[in-house]
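1. model this:
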Amino acid sequence: MADSARRRSISRAELAAHNKPGDLWISIQGKIYDVSEWINDHPGGDLPLRNLAGQDATDAFVAYHPGAAWQYLDRFFNGCYLRDYSVSEVSRDYRRLVSEFVKMGLYDRKGHVTLVSMWFIALLFGASVLGVLRSESMWVHLLCGGMMGFLWIQSGWMGHDSGHYQIMSGPGLNRFAQVLTGNCLAGISIAWWKRNHNAHHIACNSLDFDPDLQHMPFFVVSSKFFGSLTSYYYERKMNFDAVCRFLVSHQHWTFYPVMCFARINLFAQSFALLLSKQKVPNRGQEMLGLLAYWIWYPLLVSCLPNWGEMIMFVMASFAVTGIQHVQFCLNHFASSVYVGPPSGNDWFEKQTAGTLNIQCSPWMDWFHGGLQFQIEHHLFPRLPRCHLRKISPFVKELCKKHSLPYNSASFWKANAMTIGTLRAAALQARDLASPVPKNLVWEAVNTFG
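-> Presented below is the predicted three-dimensional model:
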């Protein structure tokens, strides 16, 4: 590239043209970086770079990277600058807040959450195994199944934390904690979770880019899904056909029962990724971790005296951990949604609009695992959850200053809002004014209303 080209400035339209595989450019503070090759080695996966390519991604970069990451940017600088680069007042205040939290040392002080959680998980695991092996009481076995479900919830919070920031003293131990709490104890691939979760954070509540809203044929949160949107996460069309319409028409009734068994979907998604042609870091570790789970859990269940208690144990553990699946939905199902790729120039606005906090007392923070301050978590994903309550007033003040939503509701109210959103979409799906291809099952069920 000639010297003049290296120093040239480009327009936003020119930058937007570089958003295709093999040609991915992003802007960070007005400098243009070519990340076409880096996409293969990016620790956060390929999706954040693909989804933000062709635009300014400064706020997303600030949110997800420590200060030490800035020194590595120059290797990707292509010599171009973004013409007329400017920073909105919202972004300026947001970046200032990130800087203040760094100076306060909040990103480095992780508290004792990890230690307490690991002891709690060990206690639940030991008690559950001991109850199965040493007791002959059906009720004790039922209780042990419930404790196993609570163990999965707590291991889920640890896996969530370790995917966002280093919860252990070094990267090796952090990786060990990820595989132990995710793959080995819960049967969920941490590689799948990181890929899915990073896509969710980057494209928060985008109907076609956020996988956490793409639950067809069981659930839809907006009538926009009726147009059979294309999922840019799953890379396929989400067909709203007759079967989907039938299921969605009753989704406000089936929501909680399905959540009791939502874990099965996570098992399937984990294996689907690990057995795919996608590049998966440490694929061998991931598979061995899942293998460990599929040895110890069925073996423990087999120690129960009869098939009835085996089924009861599994259903109890799945139903209890279903609480966590409900919690994941409460933060976003009833919030603002949009269609299209995420936009880097309204990062703060999109995160606040698409997120709902859950009001609770400090003594209940352990139950919600940080999701009670989901707005704060989405804006500052690397911040340890023990500080989310502390920074909440700052975020609320910033939202008020710029007339942005800061939505929160009690746990029960959030459930009601979620069911209300599902019911509204269900009633729209029942409207035959916009028919979709029907099959005999649909006709038979709906002939008499």
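2. give the contact list for Leu388.
-> Neighbouring residues of Leu388 by CB atoms under 8 Å, 6 or more residues apart in numbering: Gly370, Gln372, Phe373, Glu376, His377, Phe380. C-beta: built from backbone N, CA, C; applies to glycine.
3. my bad, should have said His377
-> His377 touches Gly370, Leu371, Leu383, Arg385, Leu388, counting by CB under 8 Å, 6+ apart.
4. one more: His332?
-> Cys204, Asn205, Asp212, Leu213, Gly354, Thr355, Leu356, Gln374.
5. just curious, which of these is nearest to Gly54?
-> Cys204 (18.8 Å; CB to CB).
6. helix, strand, or coil at the closest one?
-> Assigned by DSSP: H, G, I helix; E, B strand; the rest coil, the conformation of Cys204 is coil.
7. thought it was touching Leu356?
-> No - using CB atoms under 8 Å as the test, Cys204 is too far from Leu356 to be in contact (11.5 Å).
8. more neighbours, those two?
-> Each of Cys204 and Leu356 has its neighbours counted (other CB atoms under 10 Å); Cys204 has more, 27 against 23.
9. quick one: neighbours of Phe255, just the number.
-> 20.
10. pretty sure it is in a helix, no?
-> Yes - per three-state DSSP, Phe255 lies within a helix segment.
11. excluding its backbone neighbours, what's nearest it?
-> Leu422 (5.8 Å; CB to CB, 6 or more residues apart in numbering).
12. kindly report the same for His200.
-> Nearest non-adjacent residue to His200, counting by CB to CB, 6+ apart: Asp212, 4.5 Å away.
13. how many neighbours does the one you found have?
-> As a burial measure, Asp212 scores 20 neighbours (other CB under 10 Å).
14. what pLDDT is listed against the residue nearest to the spatial centre of the chain?
-> For the chain, the residue nearest the mean C-alpha position is His197 (3.4 Å; CA atoms, centre = their mean). Per-residue confidence at His197 stands at 93 (pLDDT).
15. can you tell me the helix or strand for it?
-> helix 190-202 (DSSP states H and E).
16. can you give me the buried ones in that helix?
-> 190-202 (16 or more other CB atoms under 10 Å).
17. can you list the neighbours in contact with it?
-> The contact list for helix 190-202 (CB under 8 Å, 6+ apart) reads 44-45, 47-48, 51-52, 60, 64, 159-160, 162-163, 178-179, 182-183, 209-212, 233, 266, 269-270, 272-274, 280-283, 286, 289, 342, 378, 381.
18. what ranges does the stretch 1-150 of the chain have for its helices?
-> Ranges of helices within the stretch 1-150 of the chain are 3-6, 12-16, 47-52, 58-64, 89-103, 113-134, 138-164, based on DSSP state H, counting those that start in this stretch.
19. and the longest one, what does it pack onto?
-> In other words, helix 138-164. Secondary-structure packing of helix 138-164 (3 or more CB pairs under 8 Å, 6 or more residues apart in numbering; DSSP states H and E): helix 113-134, helix 171-178, helix 185-186, helix 190-202, helix 307-330.
20. most packed of those helices?
-> Using mean count of other CB atoms under 10 Å, the stretch among the helices and strands packed on helix 138-164 with the largest mean neighbour count is helix 185-186, at a mean of 26.
21. related to what we said a few turns ago, out of the contacts of Leu388, which sit inside helices?
-> Glu376, His377 (DSSP state H).
22. out of the contacts of Leu388, which is nearest to Asp84?
-> Of the contacts of Leu388, the one sitting nearest to Asp84 (CB to CB) turns out to be Phe380, at 28.8 Å.
23. check contacts around that closest one.
-> Phe380 sits next to Ala63, Val98, Phe101, Leu388, Ile391 when contact means CB under 8 Å, 6+ apart.
24. run through the residues that contact the third one.
-> I take that to be Phe101. Taking CB under 8 Å, 6+ apart, we find Phe101 in contact with Tyr107, Phe380, Leu383, His387, Ile391.
25. what do you get for the first one?
-> By CB under 8 Å, 6+ apart, the residues touching Ala63 are Val98, Trp347, Leu379, Phe380, Pro381, Arg382.
26. His325 against Asn265, yeah?
-> No - using CB under 8 Å, His325 is not in contact with Asn265; the gap is 9.1 Å.
27. sorry, back to before: tell me which element the residue nearest to Phe255 is part of?
-> Here Leu422 is assigned to helix 411-430, by DSSP H and E.
28. tell me what that helix is packed against?
-> Helix 411-430 packs on helix 242-249, helix 251-260, helix 307-330, strand 357-359, going by 3+ CB pairs under 8 Å, 6+ apart.
29. just the angle between that helix and helix 242-249, please?
-> 140 degrees (axes from the mean of the first three to the mean of the last three CA atoms, to 10 degrees).
30. in helix 411-430, what counts as buried?
-> By neighbour count with 16+ other CB under 10 Å, helix 411-430 contains the buried residues Phe411, Ala414, Asn415, Met417, Thr418, Ile419, Thr421, Leu422, Ala425, Ala426, Gln428, Ala429.
31. was I right to think the fifth one contacts Phe255?
-> In this case it means Thr418. Yes - Thr418 lies in contact with Phe255 (CB under 8 Å); the separation is 7.5 Å.
32. overlap in contacts of the two?
-> Applying CB under 8 Å, 6+ apart, one finds that Thr418 and Phe255 are jointly contacted by Cys329.
33. ok so, going back, avg pLDDT for the helix holding Leu422?
-> The pLDDT scores in helix 411-430 average 95.
34. list the contacts of Val314.
-> Gly145, Val301.
35. and if you look at Trp157?
-> By CB under 8 Å, 6+ apart, the contact set of Trp157 is Ser117, Gly369, Gly370, Arg385.
36. what's the spacing between it and His201?
-> Here Trp157 is placed at a distance of 16 Å from His201 (CB to CB, to the nearest Å).
37. likewise for Ile10?
-> 28 Å.
38. ok, now Gln372?
-> When CB to CB is the yardstick, Gln372 and His201 sit 17 Å from each other.
39. number of nearby residues for Gln351?
-> When neighbours are counted by other CB under 10 Å, Gln351 comes out with 26.
40. that one and Cys204 touch, don't they?
-> Yes - at 5.6 Å, Gln351 counts as touching Cys204 under the criterion of CB under 8 Å.
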